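S.K.: How does the following fold in three dimensions:
(one chain, ligands or ions: 2)
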Amino acid sequence: MDKIIPSIIILAAGVGKRMHSDLPKVLHKIADKSLISHVVDCANALNPNNIYVIYGYKGAQVQQACADRKIFWVEQAQQLGTGHAVAQAMPSITDDAMVLVLCGDVPLIKPATLQALYSKVDRNSLGVLTVVLDNPKGYGRIIRNTQNQVVRIIEEKDADPEIKKIKEVNTGIFIIPASHLRRWLASLKNDNVQGEYYLTDIIALAVDENLPIHTTISHDMYEVMGVNNRQQLAILERHYQSQQVNQLMLGGVSVRDPARVDIRGTVQAGRDVLIDIDVIFEGDITIGNQVKIGPHVVIRNAKIGDNVDILSHCVIDNVVIGAGCRIGPFARLRPDTVLGTQVRIGNFVELKKTIVAEGSKINHLSYIGDTEVGSDVNIGAGTITCNYDGVNKHKTIIGDGAFIGSDTQLVAPVTVGAGATIGAGTTITKNTPPDVLTLSRTVQKTISSWQRPTKKLISDN
Ligand code: UD1
Ligand code: MG
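M.R.: Numbers count the residues shown, from 1 in each chain. Ligands and ions are numbered 1, 2, ... in the order given. Prediction:
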């Protein structure tokens, strides 16, 4: 049998009424990625001929959300049913194609399952992916004859009580030779309870022509589960998260509670990483060996070196952290911050667009922005870079080995020389020379004659 390269049609024109949302259903997200993007990425993993997405309700928004993916967009102006939706793409598809139909609201479908489905078919047969559900309510039922061959699909709304007892259901996913599909779609009727052109009716038409119908039964109900309401969306989110976390653990990461870690992107981790509870990863993250991530930490797009210790309640966003650093608790590292090795960032410290070289320490209550900090610098508690004049941002440079006393303001643009010491409480407005003490401070005085005021006594008369 020839290797099949499918042409893929993804149905995504529906409104998704039961979401009660201003967003089209397929733009709701699992792990911060839209449902339609999950399906398109699965489709792309099959190296298809083309991917056609049938759009309708708020189509411009759907197109915008998938702007970075190669898709042929096909409009279905009126939603007249799944058969009608597929028919909209057929003018662009040649007769020799094998058409794989996917649903934009079935986000966790896996490429391997689809390959298993279409490995069974040829140009004179078709395949349908089914699943057996304890509670099949709402789905189209698979009707088989006494030889166990599929003879038709009956929608829930058109089913009598006996049919409703059938637990094998249609997932909505099919592989169908284009030449036959075109002919069958042309003869679909909408004489059913919903008044729609059902794609599912092509099964009976194929049976009439004696074409074999192959089924693949999915054994993972989550991968074929559709999202019709927000409860189902949450169920699939949790399932997806548990899969992601399992993969991390199988790769050698210890996770204190797999139910309390979310991965909304990709995490690549080294050996003996330990992740505490309530940690959220977003975007692309790489983590070295022996890294510890404390509780209640959010990390977005970061590269974390070996032996880094991130203590509780840190927010780390687009940052590179060198080996052996210790961050937090309660630190906020903002975009374009790069830490060298063995850097210490302590509690209530905010860094923005700042490079900190090896061995430097910013341990307490500081804001350092648009700054280059040299190596072995010590920045005292309460140090602030005044980097913004209300219009423009300015840069601060602190040389190697400098010591910045507590409660210093560095009014940028300004350079502190290497080895310089800045006295506590200083406001630096000019560049300071290296290796010497600079401070700005009013002279301390003592007034011996001063007396504390006392409370006035209020007399009775
Ligand atoms: C459909 C199947 C049902 C199956 C179920 C699996 C039909 C008639 N029924 O029912 O057998 O068990 O999926 O989830 O096919 N859509 C369009 N244009 C339309 C109508 C629908 O693009 O005119 C899209 C929807 O956006 C959705 C998909 O097709 O992504 C399925 O449509 P939906 O209305 O959810 O069909 P179900 O009633 O769930
Ligand atoms: Mg549905």
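
S.K.: Residue 90 looks like it's in a helix, true?
M.R.: Yes. With DSSP: H, G, I helix; E, B strand; the rest coil as the criterion, residue 90 is part of a helix.

S.K.: Not counting its neighbours along the chain, what's nearest it?
M.R.: Counting by C-beta to C-beta, 6 or more residues apart in numbering, residue 90 lies nearest to residue 182, which is 5.4 Å off, once chain neighbours are set aside. The way it works is simple: take the backbone N, C-alpha and C, and place the C-beta from them, glycine included.

S.K.: how about the strands in the stretch 201-350 of the chain?
M.R.: 213-218, 253-255, 261-269, 273-275, 279-287, 292-293, 297-304, 309-310, 315-321, 326-327, 332-333, 337-339, 344-347, 350-356 (DSSP state E, counting those that start in this stretch).

S.K.: can you pull the buried residues of the helix or strand that contains the residue nearest to residue 90?
M.R.: In the assignment (DSSP states H and E), residue 182 maps to helix 178-186. Of all the residues in helix 178-186, those buried under the rule 16 or more other C-beta atoms under 10 Å are 178, 180-182, 184-185.

S.K.: which one of those residues is nearest residue 223?
M.R.: Of all the buried residues of helix 178-186, residue 223 sits closest to residue 181, with 24.0 Å by C-beta to C-beta.

S.K.: Ligand 1 versus the closest one, what's the distance?
M.R.: Distance from residue 181 to ligand 1, counting by C-beta to the nearest ligand atom, to the nearest Å: 14 Å.

S.K.: My read is that that residue contacts residue 98, right?
M.R.: No. Using C-beta atoms under 8 Å, residue 181 makes no contact with residue 98, being 9.4 Å away.

S.K.: which bits of the stretch 251-400 of the chain sit near ligand 1?
M.R.: By C-beta under 6 Å from any ligand atom, no residue of the stretch 251-400 of the chain approaches ligand 1.

S.K.: Looking at the stretch 251-400 of the chain, which residue is nearest ligand 1?
M.R.: Proximity of the stretch 251-400 of the chain to ligand 1 (C-beta to the nearest ligand atom) peaks at residue 264, 23.1 Å away.

S.K.: In contact with the residue lying closest to that residue once chain neighbours are set aside, which residues?
M.R.: Distances taken as C-beta to C-beta, 6+ apart place residue 32 nearest to residue 264, at 3.8 Å, with adjacent residues excluded. The contact partners of residue 32, taken as C-beta atoms under 8 Å, 6 or more residues apart in numbering, are 264-265, 282.

S.K.: quick one on the thing from earlier: what pairs with the residue of the stretch 251-400 of the chain closest to ligand 1 across the strands?
M.R.: residue 282 (DSSP bridges).

S.K.: surely it meets residue 285?
M.R.: No. If you go by C-beta under 8 Å, residue 264 and residue 285 don't touch, sitting 10.2 Å apart.

S.K.: residue ranges of the helices in the stretch 101-250 of the chain, please?
M.R.: 111-118, 161-164, 178-186, 202-208, 230-250 (DSSP state H, counting those that start in this stretch).

S.K.: Could I get those helices in a markdown table, plus columns for mean pLDDT?
M.R.: A markdown table is the format used below for those (pLDDT from 0 to 100):
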| stretch | mean pLDDT |
| --- | --- |
| helix 111-118 | 96 |
| helix 161-164 | 98 |
| helix 178-186 | 98 |
| helix 202-208 | 97 |
| helix 230-250 | 98 |
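
S.K.: Let me know which of these is the nearest to residue 447.
M.R.: Across the helices of the stretch 101-250 of the chain, closest to residue 447 is helix 230-250 (C-beta to C-beta), at 64.6 Å.

S.K.: you'd agree residue 12 is up against residue 54?
M.R.: Yes. Residue 12 lies in contact with residue 54 (C-beta under 8 Å); the separation is 6.0 Å.

S.K.: Neighbours of residue 159, how many?
M.R.: Neighbours of residue 159 under the rule other C-beta atoms under 10 Å: 18.

S.K.: need the contact list for it.
M.R.: residue 141.

S.K.: Go through stretch 205-225 and flag the buried ones.
M.R.: For stretch 205-225, by 16+ other C-beta under 10 Å, it's 205-207, 211, 213-216, 218, 222-225.

S.K.: which regions of the stretch 351-461 of the chain lie under the pLDDT threshold?
M.R.: Low-confidence segments of the stretch 351-461 of the chain, defined by pLDDT under 70: 460-461.

S.K.: Appreciated, that's everything.
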